[in-house]
Structures are given as structure tokens and as C-alpha cells.
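1. Predicted model, plus sequence, below.
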Amino acid sequence: MGHDHIHIHKHEVKGKNLVFSILLNLLITLAQIIGGIVSGSLALLSDALHNFSDVLSLVFSLIAHKLSRRKASINNTFGFKRAELIAAFVNAATLVIVAFILIYGAIERFFNPHPIESGLVIWLALLGIVVNGLSVLLLQKDAEHNINMKSAYLHLLTDMLASVAVLVGGLLMKFYGWFWVDSVMTIAIAVYLIVVGGKLLLASTKMLMLFTPDFIDIKELVREVHKIRGVGKLHHIHVWHLNDEELHLEAHLDCEEDIKMSEFNELLHQIEMVLFEKFGINHINIQPEFKKEEVTKDFIVQD
């Protein structure tokens with residue numbers, strides 16, 4: 001069986017950025033809880049609840065990040081590389097759960113409005129924008145390369161947008177006395193959380209379930225491999241993400257001729273280059289065969 005992987009330059013995710021973001025969010029969470037109680041603003045308390053969930057999510061992401069860097073061992077042959085996928089899944093799920101909690105509270109408050117100290121709401125919303133905005137900038141680059149960091153980044157980005165919504169609501173309450181805006185803004189924040197959280201939840205679920213990535217067309221992949229001289233038929237194919245950095249393929253390969261191992265190594269190298277350059281697959285495990293009798297040799301086989 002031929003196995004190899006192609007080494008690529010990896011973006012170095014900085015865990016210290018997560019630490020800074022955790023400290024910043026602890027600060028804003030405490031400030032918003034106190035401010036929400038004093039002012040009577042549900043939107044502010046909702047934002048504080050969301051910020052607190054972010055602190056927990058960021059801590060979870062940090063732990064997962066540290067675990068994913070551990071080396072593989074006899075008992076953990078893949079190491080803890082999928083820890084960050086689990087963190088992304090949990091973080092995305094909490095975004096959606098928090099959103100429904102916010103909607104329930106907002107509907108209840110809408111029918112039972114309370115006077116709100118809008119001035120305090122405005123100042124704390126501004127503080128939230130600054131603190132979360134800084135955290136977003138810290139994680140922005142890492143979020144482009146890592147689903148775990150993206151989940152943390154989305155938590156912080158939605159916090160910043162929530163603070164903007166709270167600010168707008170505070171201004172409308174201060175100058176127009178529209179206290180019902182507090183509930184409307186809370187629902188708007190919650191809907192946005194459901195949308196972004198749902199997308200991330202779906203993406204992390206697909207990776208955890210070892211689904212074929214959306215950008216991989218198995219039939220096109222087979223066509224490209226079949227163009228290589230010496231290849232008979234590629235079958236029993238599996239393509240999946242181990243994590244953000246590693247895209248794996250395993251398959252059986254019928255060779256056209258009964259070739260030597262050294263010749264298969266050369267054939268394997270050609271296949272590796274095609275799969276990497278055209279599909280981004282960097283870990284390949286192929287079982288060579290020659291005139292092996294099997295019941296079926298379809299591209300996808302239910303083993």
C-alpha cells in the first residue's frame with residue numbers, strides 16, 4: 001500500500017491572541033452585567049450573556065488549540081488534531097442555543113416593557129464595540145486558516161455587531177423614548193447568531209462526519225487520475241478533512257500492468273502531484289492492485 005503526504009507551509013496560529021481576547025471579554029462581560037442590572041436593559045444583559053458564553057468558548061478554543069499541537073503517539077496515532085473541530089462544533093452550537101434564549105427573553109420583555117437607563121447603555125455599548133473590535137482584529141488572520149479560530153472569531157464579531165445594535169437602540173431610547181427597541185435589537189442580534197452559528201455548525205459537522213468536502217468533485221478527481229499513464233481504475237475512494245490543514249484521500253488503484261514497486265512509487269508520485277495541485281489533497285493512501293477479482297470496483301463502495 002502506498003502512502004505519502006505533501007508538506008505545505010502552514011499558517012502558525014497564535015494562541016496568545018486568544019488569551020488576550022479572553023481577558024478583554026472578561027472585562028466587558030463584568031461591565032455589561034453591572035450596567036444591565038443598573039440600567040434595566042435586557043439587550044445589555046443579553047449582550048453580557050453572549051459575552052460570557054464567548055469567554056467560555058474562547059477558553060475551550062484555547063484548550064483545543066493547545067491539544068491539537070500535541071504529537072502523535074502509539075495510543076493516539078493522529079494526536080489530538082481533531083480537537084479543534086470539536087471546539088468549533090461546540091462553539092457554533094452555543095451560538096445557536098444562546099440565540100434562542102435571547103429571542104425568548106426579548107419576546108417576553110416586548111409585551112412587558114421596562115424603563116431603561118439609556119445613557120449607561122450607550123456608554124457600555126461603546127465599550128463593547130472597542131473591546132470586541134480589538135479582539136476581532138487579533139483573531140482575524142488566524143480565522144482565515146483555522147475553523148477553531150473562526151468559531152472564536154465569529155463569537156467576537158457577533159459581539160461587536162451586537163454592541164453596535166445595542167448602541168443604536170440606546171440612542172433611539174434616549175432621544176425618542178422607544179423602549180421597545182431594546183427587544184427588537186435583541187431579536188435582530190439573535191437572528192444573526194442563528195445564521196452565522198448555523199453555517200459554522202454545518203461546516204464543523206461535515207468535517208467531524210468525514211463528509212467529502214464541498215469543493216471536491218469525486219468524478220472530476222477520478223477523471224484527472226485516469227489521465228495518468230499506467231493507471232487502470234481508481235475505486236473504493238474516501239476523501240475527508242482530518243482538520244483544516246490536512247485533506248486525506250484513500251483509495252484502491254488498479255494498475256494496467258504488473259509493475260515493480262519502484263515503478264509504482266513513480267506512478268504514486270504523479271498521482272500525488274495531480275491530487276495536490278488540482279484538489280489540494282496533501283495526504284494520500286493508495287492500495288495498488290493488479291487483476292484483483294472483486295464483486296464491485298465502483299468509485300464509492302459501502303464497505
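-> Received the coordinates, thanks.

2. Please, which helix or strand holds Thr158?
-> Element membership of Thr158 [criterion: DSSP states H and E] is helix 147-176.

3. Check Val59 too.
-> Counting by DSSP H and E, Val59 is part of helix 42-68.

4. Show me where the stretch 201-303 of the chain dips below the pLDDT cut-off.
-> Regions of the stretch 201-303 of the chain meeting the criterion pLDDT under 70 cover residues 303.

5. repeat that with 90
-> Applying pLDDT under 90 to the stretch 201-303 of the chain picks out residues 243-245, 291-303.

6. Can you report phi and psi for His248?
-> With angles defined as degrees, to the nearest 10, His248 sits at phi -110, psi 150.

7. And the one 4 residues further on, by the same measure?
-> In terms of degrees, to the nearest 10, the main-chain angles of His252 are phi -100, psi 150.

8. mind listing the strands for the stretch 201-303 of the chain?
-> All strands of the stretch 201-303 of the chain, identified by DSSP state E, counting those that start in this stretch, fall at 231-241, 247-255, 283-289.

9. Which strands and helices lie in contact with the shortest one?
-> Meaning strand 283-289. For strand 283-289, the elements it packs on are strand 2-5, strand 247-255, helix 261-279, judged by 3 or more Cβ pairs under 8 Å, 6 or more residues apart in numbering; DSSP states H and E. Any C-beta I mention is one placed from the backbone N, CA and C, and that applies to glycine too.

10. Can you give the distance of the helix or strand that the shortest one is followed by from its chain's centre?
-> Going back to what we said before, that points to strand 2-5. Per DSSP H and E, the first helix or strand lying C-terminal to strand 2-5 is helix 15-39. The chain centroid and the centroid of helix 15-39 are separated by 22 Å under Cα atoms, centre = their mean, to the nearest Å.

11. same check, this time on stretch 292-303
-> 34 Å.

12. and if you look at stretch 138-145?
-> The chain centre lies 11 Å from the centre of stretch 138-145; the measure is Cα atoms, centre = their mean.

13. cool, and stretch 150-169?
-> 17 Å.

14. Mind checking the pLDDT average for it?
-> Stretch 150-169 shows a mean pLDDT of 82.

15. Quick check: buried residues in that stretch?
-> Neighbour counts over stretch 150-169 (16 or more other Cβ atoms under 10 Å) mark 150-167, 169 as buried.

16. swap in stretch 186-194?
-> Result for stretch 186-194 [16+ other Cβ under 10 Å]: buried residues Thr186, Ile187, Ala188, Ile189, Ala190, Tyr192, Leu193, Ile194.

17. Next, the contact list for the residue nearest to Val231 when sequence neighbours are not counted, please.
-> Among residues not flanking Val231 along the chain, Val225 sits closest, at 5.9 Å (Cβ to Cβ, 6 or more residues apart in numbering). By Cβ atoms under 8 Å, 6 or more residues apart in numbering, Val225 lies in contact with Val231, Leu234, Ile271, Val274, Leu275.

18. Next: Leu208.
-> So Leu208 contacts Arg82, Leu85, Ile86, Phe89 (Cβ under 8 Å, 6+ apart).

19. Type out the PyMOL command that picks the buried ones from those residues.
-> This is the PyMOL syntax for the buried subset of these, where burial follows 16+ other Cβ under 10 Å:
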select buried, resi 82+85+86+89
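
20. Verify the stated contact: His283 with Asn243.
-> No: His283 is beyond contact range of Asn243, at 10.8 Å (criterion: Cβ atoms under 8 Å).
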